[in-house]
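Novice: I'd like to go over a predicted model; first the sequence, then the structure.
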Amino acid sequence: MTPEPVLTRREKQQRTRKSLLRAATEMFCKRGLDGASVDEVAQAAGYTKGAFYANFKSKEELFLVMLDERFAEEIERLDRLLAGTDEPQEEAVAAAADFIRFATDQEWQRLSFQFLAYAARNEEFRQELATRQKAMRERMASVFTRWKQSFGADFALPIEDITAMTFFMADGFLAGRIIEPDLSEELYTTMVAVFLRGLQAMTEDPSP
């Protein structure tokens with residue numbers, strides 16, 4: 001048998017961290033942030049409580065790391081999909097369809113609900129979540145600005161407002177899918193298409 005490669009300290013830490021995040025995802029989905037203890041998360045990952053605290057200060061910090069990683073992944077996908085190489089409307093709708101497929105896996109939907117539910121009960125966590133959402137929208141705005149410039153287009157509304165609208169439109173749809181799992185993903189892409197048509201109409205005629 002070929003011996004397993006010897007891992008560096010950093011590689012071991014990364015493996016431990018990844019295992020803890022994976023275990024925490026499963027535990028939080030099943031029991032919520034309040035219901036799942038640090039001991040349970042560590043045990044599910046195959047590590048000790050000490051290993052948990054060597055990587056995360058608290059469950060809340062681990063929770064926010066999950067969110068940071070997910071947001072970073074979504075921005076990377078959005079940046080790639082809005083490359084400015086196809087017809088603007090079609091490209092934006094295709095990006096919306098890809099996003100909603102990416103965001104509506106059952107595990108992530110349950111975690112999203114946990115984020116919101118915990119933020120409603122914990123003011124400090126709410127502020128942290130709000131900070132991350134604003135940072136996410138700022139990064140989205142930079143992607144949309146580049147995309148707009150690549151087509152030589154202009155909008156009747158500030159790009160920050162457009163970004164916020166698309167962000168919360170997605171949030172609302174995802175919340176609806178938690179309550180009604182049979183909602184069609186096509187409904188979201190249709191919403192985006194209607195929204196873009198409205199922006200286009202406002203650009204051509206900005207009067208109320």
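Specialist: Arrived safely, thanks for sending. Just so it is clear, the structure is predicted and the values come from calculations on it, not from any experiment.
Novice: mind listing what's buried in stretch 147-162?
Specialist: 147-148, 162 (16 or more other CB atoms under 10 Å). From N, CA and C alone the C-beta is placed, and that goes for glycine too.
Novice: Looking at those, which are in helices?
Specialist: Members of the buried residues of stretch 147-162 lying in helices (criterion: DSSP state H): 147-148, 162.
Novice: of all those residues, which comes closest to Asp39?
Specialist: Ile162 (45.3 Å; CB to CB).
Novice: list the contacts for the closest one?
Specialist: By CB atoms under 8 Å, 6 or more residues apart in numbering, Ile162 lies in contact with 144, 155, 199.
Novice: can you redo the ones in helices among the buried residues of stretch 147-162 as CSV with distance to Val65 and pLDDT?
Specialist: Converted to CSV, these look like this (distance: CB to CB, whole Å; pLDDT from 0 to 100):
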residue, distance to Val65, pLDDT
Trp147, 29, 79
Lys148, 32, 77
Ile162, 29, 87
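Novice: where does Gly84 land in three-state SS?
Specialist: What DSSP: H, G, I helix; E, B strand; the rest coil gives for Gly84 is coil.
Novice: gap between it and Gln133?
Specialist: Taking CB to CB, to the nearest Å as the measure, Gly84 falls 26 Å from Gln133.
Novice: Of these two, which one has the most company?
Specialist: Neighbours were counted for Gly84 and for Gln133 using other CB atoms under 10 Å; Gln133 has more, 18 against 14.
Novice: Quick check: nearest residue in space to that one, chain neighbours excluded?
Specialist: Phe167 (7.4 Å; CB to CB, 6 or more residues apart in numbering).
Novice: Does that neighbour touch Lys134 like I think?
Specialist: No. Using CB atoms under 8 Å, Phe167 is not in contact with Lys134, being 9.8 Å away.
Novice: Check which helix or strand the residue positioned nearest the centre of the chain maps to.
Specialist: Closest to where the C-alpha atoms of the chain average out (CA atoms, centre = their mean) is Phe71, at 4.0 Å. Following DSSP states H and E, one finds Phe71 within helix 59-81.
Novice: Please save the CA atoms from that helix in PDB.
Specialist: This file holds the C-alpha atoms of helix 59-81, laid out as PDB (Å, rounded to 0.1, in the frame of the first residue of the first chain):
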ATOM      1  CA  LYS A  59     -20.500  28.800  17.200                       C
ATOM      2  CA  GLU A  60     -21.400  32.300  16.000                       C
ATOM      3  CA  GLU A  61     -18.000  32.800  14.400                       C
ATOM      4  CA  LEU A  62     -18.200  29.500  12.700                       C
ATOM      5  CA  PHE A  63     -21.700  30.400  11.500                       C
ATOM      6  CA  LEU A  64     -20.400  33.600  10.000                       C
ATOM      7  CA  VAL A  65     -17.500  31.800   8.300                       C
ATOM      8  CA  MET A  66     -20.000  29.600   6.600                       C
ATOM      9  CA  LEU A  67     -21.800  32.700   5.300                       C
ATOM     10  CA  ASP A  68     -18.500  34.300   4.200                       C
ATOM     11  CA  GLU A  69     -17.500  31.300   2.200                       C
ATOM     12  CA  ARG A  70     -20.900  31.000   0.600                       C
ATOM     13  CA  PHE A  71     -21.000  34.700  -0.400                       C
ATOM     14  CA  ALA A  72     -17.500  34.500  -1.900                       C
ATOM     15  CA  GLU A  73     -18.600  31.500  -3.900                       C
ATOM     16  CA  GLU A  74     -21.700  33.300  -5.200                       C
ATOM     17  CA  ILE A  75     -19.800  36.400  -6.200                       C
ATOM     18  CA  GLU A  76     -17.200  34.300  -8.100                       C
ATOM     19  CA  ARG A  77     -20.100  32.600 -10.000                       C
ATOM     20  CA  LEU A  78     -21.800  36.000 -10.700                       C
ATOM     21  CA  ASP A  79     -18.500  37.600 -11.900                       C
ATOM     22  CA  ARG A  80     -18.000  34.700 -14.300                       C
ATOM     23  CA  LEU A  81     -21.600  34.500 -15.600                       C
END
